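Novice: What follows is a protein structure lacking sequence information:
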């Protein structure tokens, strides 16, 4: 029997494309909005502003402890949409497939997307599949674009971070990045490494319910905590002062980072939250996160200052103080 | 001086990524919605339902007579959004870049996107860039996802095509597909071939203003007119009867199709419209299209029948009658 693989025909828009859509995509992702498979989906838009985000996922390898490109493509975009205080509602999914890809691999990825979308309470409402020749892509790339609705009166954004605010994270840093790097390096590690890939919409919803004055929410993905805090500081025109000892890092991650010469503060996270909150909401936010399954190791890691604008300082464990800059010059490609 | 090319660092989310975003993307595509470069864009959502569509563009070659991957990525998604009767408002753009890509090529593509978006009246509100290693992608892939608003009371969709309706096209068939095929085949053709890539939102707006009872709008992209009409017939549970002689095909396209053994009814179009309208609106729709710069060669090409459901018939020029099936088994990869 011929091996069941993706052919160029599957991307040509004709009968083979239709069969692939029915067999792999509609079966798992189907819902009354996607099912018509028209040129565009027609969606109800509840009152309120929209939060929209797009991300293409090219992670290598496709499957890793804690997730795969399918669940990651859902979590990554759901999280970005939620960071503006929105309730994520809809996702689109655009696939680029390499000729020769095993259809069973695609089915596994799509099943994982479907499970993640269900868990996050979002529906895939539109899709597209392209096939390129062997060596013109690497197995599967997935773009997801997410749409959410921001409740009336809610304002959350990097520009709102203000002097006096506290900086929190929802858990350990670097888990996703170090897991992918270790896998790619072929390290046969004792350390029980696992990606933290997860949808944060539930925890964010609880946080904003309890702490309506939170200024900024961001997920420290590519570039890690250090880069994301630099982005917030630059956007808001503030400084930040962090306490290195307060930043949670798992034992396994710390060990592998020492082995590979990596800094966990620059490694990608895919299920962690940075919260910038006014001082009176710092402790309440910490409590909400710690009570949530995804935030057991949440911590207050620093504070926002006035100047110099855009500068992030790190009080090191050994008592020094150094500038924590953006990621520069270290290529960690295809981490998400 | 080192050649100015895309490096893996440009996709790592750190300083190099930021510099690329500022230099190439923000400079050309920037607007007050994109400029904050937060995790997600916050958008005003006017009252009404949303029309949402996603498409990834992998066309090879990147530049062709009549357009390039940048303008195509705007037109393709704007058109899909407009096919549900919506006014396209917002686009997201997700780039996958191959390491080693000449930055000047990317700049040219992004400049073309910016010009096309401006002409179509849409704003790019969110973006993402990933870089993969050499041989893991082919130069540039672009996903665009579009959001439009459908005015109250407007219903346009494939399911509404009804027996008695007339079928119209806005112009010649196959121009985009044959242009790409000829370029890829290295044909040095006398024929002045050019892609028809164009944004149809303006013509559609005029059409729906003049002919509010139009049932279906579709653009015959991958798989061409034949495949798209089969999709409409299957969705609506109707048959169609076409008059081959009435279907406009340019002289140059006809010549190349004969040379290469291609059928223009199966070739992609990127700036053409199929209209299914009740009989009393067929002539008015034809007039509106013919008066528009993109519809000078519009024609009524057939009618909708009752049965057999899903079947499309072609009355051939030589007096025969044959089934016009979906595209099957002919790979025309990377046409869009």
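Specialist: Sure thing, it's come through. Quick caveat: nothing in here was measured; it's all calculated off a predicted structure.
Novice: Strands of the stretch 151-300 of chain A, residue ranges please.
Specialist: Applying DSSP state E, counting those that start in this stretch to the stretch 151-300 of chain A gives strands spanning A:166-169, A:216-218, A:239-243, A:274-277, A:299-305.
Novice: among those strands, which is nearest chain B?
Specialist: strand A:216-218 (6.0 Å; Cβ to the nearest Cβ). (C-beta placed from N, C-alpha, C; glycine too.)
Novice: what's the residue minimising distance to the centre of chain A in contact with, if anything?
Specialist: Taking Cα atoms, centre = their mean, the centroid of chain A lies closest to residue A:76, which sits 3.0 Å from it. Taking Cβ atoms under 8 Å, 6 or more residues apart in numbering or on different chains, we find residue A:76 in contact with A:55, A:57, A:144, A:221, A:270, A:336.
Novice: And residue A:185, by the same measure?
Specialist: residue A:260.
Novice: Residue A:251 versus that one, what's the distance?
Specialist: Separation of residue A:185 from residue A:251 (Cβ to Cβ, to the nearest Å) stands at 19 Å.
Novice: same question, residue A:98
Specialist: For residue A:98, the distance to residue A:251 equals 38 Å [Cβ to Cβ].
Novice: One more: residue A:14?
Specialist: Distance, residue A:14 to residue A:251, using Cβ to Cβ: 54 Å.
Novice: Looking at those two, which one has more neighbours?
Specialist: Neighbour tally, residue A:14 and residue A:251, criterion other Cβ atoms under 10 Å in any protein chain shown: the higher count belongs to residue A:14, 25 against 10.
Novice: could you measure the more buried one against chain B, distance?
Specialist: For residue A:14, the distance to chain B equals 3 Å [Cβ to the nearest Cβ, to the nearest Å].
Novice: Same check on residue A:215?
Specialist: Residue A:215 is 12 Å from chain B, where distance means Cβ to the nearest Cβ.
Novice: nearest residue to that residue other than its sequence neighbours?
Specialist: Using Cβ to Cβ, 6 or more residues apart in numbering or on different chains and skipping residues adjacent in sequence, the residue nearest residue A:215 is residue A:160, 3.9 Å away.
Novice: Confirm for me that the one you found is in contact with residue A:235.
Specialist: No. Judged on Cβ atoms under 8 Å, residue A:160 makes no contact with residue A:235 at a distance of 9.3 Å.
Novice: Just the closest of the contacts of residue A:76 to chain B, please.
Specialist: For the contacts of residue A:76, the nearest to chain B is residue A:55 (4.8 Å; Cβ to the nearest Cβ).
Novice: Name the strands paired with the one helix or strand the closest one maps to and say parallel or antiparallel.
Specialist: Secondary structure from DSSP states H and E places residue A:55 in strand A:49-57. According to DSSP bridges, strand A:49-57 forms sheet pairs with strand A:140-150 (antiparallel), strand B:41-43 (antiparallel).
Novice: And the helix or strand just after it, what does it pack against?
Specialist: Per DSSP H and E, the first helix or strand lying C-terminal to strand A:49-57 is strand A:63-64. Strand A:63-64 sits against helix A:175-184, with contacts defined as 3 or more Cβ pairs under 8 Å, 6 or more residues apart in numbering or on different chains; DSSP states H and E.
Novice: which secondary structure elements does the helix it packs on contact?
Specialist: strand A:63-64, helix A:251-260.
Novice: What residues sit buried inside that helix?
Specialist: By 16 or more other Cβ atoms under 10 Å in any protein chain shown, the buried positions in helix A:175-184 come out as A:175, A:176, A:177, A:178, A:179, A:180, A:181, A:182, A:183.
Novice: what's the answer for stretch A:129-143, then?
Specialist: Buried residues in stretch A:129-143, counted by 16+ other Cβ under 10 Å: A:129-133, A:136-143.
Novice: Save those as TSV, and put in distance to residue A:149 and pLDDT too.
Specialist: Compiled in TSV, the buried residues of stretch A:129-143 are given as follows (distance: Cβ to Cβ, whole Å; pLDDT from 0 to 100):
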residue	distance to residue A:149	pLDDT
A:129	28	95
A:130	30	96
A:131	34	96
A:132	35	96
A:133	40	95
A:136	38	97
A:137	34	97
A:138	35	97
A:139	34	98
A:140	30	98
A:141	28	98
A:142	24	98
A:143	21	98
